[in-house]
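> Please work out how this folds:
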Amino acid sequence: MNERLLKALMASTTLKAADPADLQFSAAAWRVQRLKPGELVWGRGEPADRLAIVHKGCLEVELAGEILGAIYAGELVGEAGAFQSGSVRSANVRAKEASTLLVMDTLHLRRLRQDRNSVYGVLLQQASIGTVRRVRRATAWLARVADSDAKAPGRKEVSGLLRMWRALVPGLPADPPPALPPLLRMQPGLAEAPPEVVLALTTVFQPVGVREGEVVVMEGDSGERLDAMYIVASGSVDVLRCVRGGAKRLITLKAGDQFGCNALVEPGPRTASCVATSPVWLYRISKEDFQRPPAAVQPWWWESVLRNVTGQLKGCDALLAEALQVDEDIEDVDDEVTEARRKQSLNDLVEVAGFGMGDYSESELDRVEVVYDEAQLRRRVTPKG
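Prediction:
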């Protein structure tokens, strides 16, 4: 056994939650890759066939000649794509300086899953956390560039009179809640889960009736309000994000859709509000059960969570693409906006804003701002300074 490699794995903050015996067993699945400054780790469009931990040095994420961000020692890179079958790289990754990586390919990753090695679960959770961070940055950007199409929701304290009226006219769904197992089968990655996995999950979800217009999750909620995740069983729920002049409807959720998991994956304020647009049945899982589900559901549960947050990120990117749409019919271009940036593809524009790959700081995201041209009534994206 390579003792130096094992020592590096044991010292990794990314793997600190893994069982030491499992980590030692997994050492054979890792290899060391040493890079010279400027050396390519992988290129855009290549298969996402491995993940890596930066042991020493620093990597840069590059797209269309622009540096999008940096990945430092102790951080995971390429993890989300490695867990998504058929994924490709969305940007180039190079060594900014002499660097050392601890690399695992997807074949060994799948073997760890088959062996129920805790290292697999730790890497899976880290991938979910990284994707949630990108969703938060994407929704924050959306708030800065999108126009409103709905009224911003508000949560009011329920008066005694209103409580009495609700007791007489409850406004809850008239029918009993639909069966839970088919709804669980609709969750990402759970369609083929063994029956015992679905059965175990039914023990940790509880039905909740919601009135039309009720705010289930409020943007900005934190602390004790970060207490649950939900699956829509019947009815519909709008997901709204506060933007200029009101709110932006991100999506309308129907039966089988879930919401509220991001703040449970990584603690942080709710990034959107969820409002019932009809009488709704929900199935609720508490924060405690979400983070520590029954042993029988591992790793199916966290794989489903990762697929869900990845889907959210794609949805946010699509809305950003719409919000950042450049009007090609206008020929005049201000000196502040270069012709090259104006003609850049929308996909690249979104990725340059920081959502294609990697984990970027707020200062890096602030390199781009939206400028309003009153004369031409259009949006542009231009670098600061």
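> And the longest helix along the chain, how far out from the chain middle?
Identified as the longest helix of the chain according to DSSP state H is helix 118-145. Mean-position distance between helix 118-145 and its chain equals 4 Å (CA atoms, centre = their mean, to the nearest Å).
> What's the mean pLDDT across it?
Across helix 118-145, pLDDT averages out at 80.
> And Glu303, its phi and psi?
phi -60, psi -40 (degrees, to the nearest 10).
> again, but for Glu60
When read as degrees, to the nearest 10, the backbone of Glu60 gives phi -120, psi 140.
> tell me which residues form a beta bridge with it?
For Glu60, the beta-bridge partners under DSSP bridges are Ala70, Arg94.
> contacting residues for it?
Glu60 is in contact with 67, 69-71, 93-96, counting by CB atoms under 8 Å, 6 or more residues apart in numbering. To be clear about C-beta, it is placed using only N, CA and C from the backbone, and glycine gets the same treatment.
> and which of those is nearest to Pro279?
Comparing the contacts of Glu60 against Pro279 with CB to CB places Gly69 closest, at 44.6 Å.
> mind showing which ranges of this structure have poor pLDDT?
1, 63-64, 66, 68, 138, 141-171, 243-245, 316-385 (pLDDT under 70).
> Would you map the helices across it?
Secondary structure of the chain by DSSP H: the helices cover 3-11, 20-26, 79-82, 106-114, 118-145, 160-168, 180-185, 195-202, 262-265, 287-291, 300-323, 339-343, 346-350, 362-365.
> Redo those helices as a markdown table? Include mean neighbour count and distance to Val61.
Output for those, formatted as a markdown table (neighbours: other CB atoms under 10 Å; distance: least, CB to CB, whole Å):
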| stretch | mean neighbour count | distance to Val61 |
| --- | --- | --- |
| helix 3-11 | 14 | 23 |
| helix 20-26 | 17 | 27 |
| helix 79-82 | 24 | 13 |
| helix 106-114 | 16 | 20 |
| helix 118-145 | 22 | 12 |
| helix 160-168 | 9 | 51 |
| helix 180-185 | 17 | 36 |
| helix 195-202 | 16 | 36 |
| helix 262-265 | 23 | 22 |
| helix 287-291 | 15 | 30 |
| helix 300-323 | 20 | 16 |
| helix 339-343 | 12 | 19 |
| helix 346-350 | 17 | 13 |
| helix 362-365 | 13 | 10 |
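> can you list the ones you listed in TSV and add distance to Leu253?
Shown next, in TSV, are the helices of the chain (distance: least, CB to CB, whole Å):
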stretch	distance to Leu253
helix 3-11	40
helix 20-26	37
helix 79-82	23
helix 106-114	30
helix 118-145	16
helix 160-168	23
helix 180-185	12
helix 195-202	19
helix 262-265	14
helix 287-291	18
helix 300-323	11
helix 339-343	36
helix 346-350	23
helix 362-365	27
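> do you know which of those helices lies nearest Lys254?
Closest among the helices of the chain, using CB to CB: helix 180-185, at 11.0 Å.
> So which residues make contact with that closest one?
Helix 180-185 has contacts (CB under 8 Å, 6+ apart) with 190-191, 193, 198-199, 201-202, 205, 207, 231, 233, 255-256, 283.
> next one: stretch 117-132
Stretch 117-132 is contacted by residues 14-15, 17-19, 22-23, 25-26, 51, 76, 79-80, 82-83, 109, 112-113, 262, 265-266, 298-299, 302-303, 305-306, 309-310, 313, 359 when judged by CB under 8 Å, 6+ apart.
> Put the alpha carbons of that stretch into PDB.
What follows is stretch 117-132, C-alpha atoms only, in PDB (Å, rounded to 0.1, in the frame of the first residue of the first chain):
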ATOM      1  CA  ASN A 117     -18.000   2.000   1.300                       C
ATOM      2  CA  SER A 118     -18.700   5.200   3.300                       C
ATOM      3  CA  VAL A 119     -16.200   7.100   1.100                       C
ATOM      4  CA  TYR A 120     -18.800   6.900  -1.700                       C
ATOM      5  CA  GLY A 121     -21.400   8.500   0.500                       C
ATOM      6  CA  VAL A 122     -19.100  11.200   1.700                       C
ATOM      7  CA  LEU A 123     -18.100  12.100  -1.900                       C
ATOM      8  CA  LEU A 124     -21.800  12.100  -2.900                       C
ATOM      9  CA  GLN A 125     -22.700  14.500  -0.100                       C
ATOM     10  CA  GLN A 126     -19.900  16.800  -1.000                       C
ATOM     11  CA  ALA A 127     -21.100  16.800  -4.600                       C
ATOM     12  CA  SER A 128     -24.600  17.800  -3.400                       C
ATOM     13  CA  ILE A 129     -23.200  20.600  -1.300                       C
ATOM     14  CA  GLY A 130     -21.100  22.000  -4.200                       C
ATOM     15  CA  THR A 131     -24.200  22.000  -6.500                       C
ATOM     16  CA  VAL A 132     -26.400  23.700  -3.900                       C
END
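> Excluding chain neighbours, what is closest to Pro188?
Excluding the flanking residues, the one nearest Pro188 by CB to CB, 6 or more residues apart in numbering is Arg307, at 3.4 Å.
> The one you found contacts Gln258, doesn't it?
No - contact between Arg307 and Gln258 fails when scored by CB atoms under 8 Å: they sit 10.8 Å apart.
> What is the burial count for the closest residue to Cys261 other than its chain neighbours?
Excluding the flanking residues, the one nearest Cys261 by CB to CB, 6+ apart is Met229, at 4.4 Å. Met229 has 25 neighbours, counted by other CB atoms under 10 Å.
> how far away is Met229 from Val309?
11 Å (CB to CB, to the nearest Å).
> Check the contact lists of the two and give me the overlap.
Common neighbours of Met229 and Val309 (criterion: CB under 8 Å, 6+ apart): Cys261.
> among the helices of the chain, which is nearest Ala272?
Ala272 lies closest, by CB to CB, to one member of the helices of the chain: helix 118-145, at 6.4 Å.
> Just the angle for that closest one relative to helix 106-114, thanks.
Using axes from the mean of the first three to the mean of the last three CA atoms, to 10 degrees, the inter-axis angle of helix 118-145 relative to helix 106-114 is 110 degrees.
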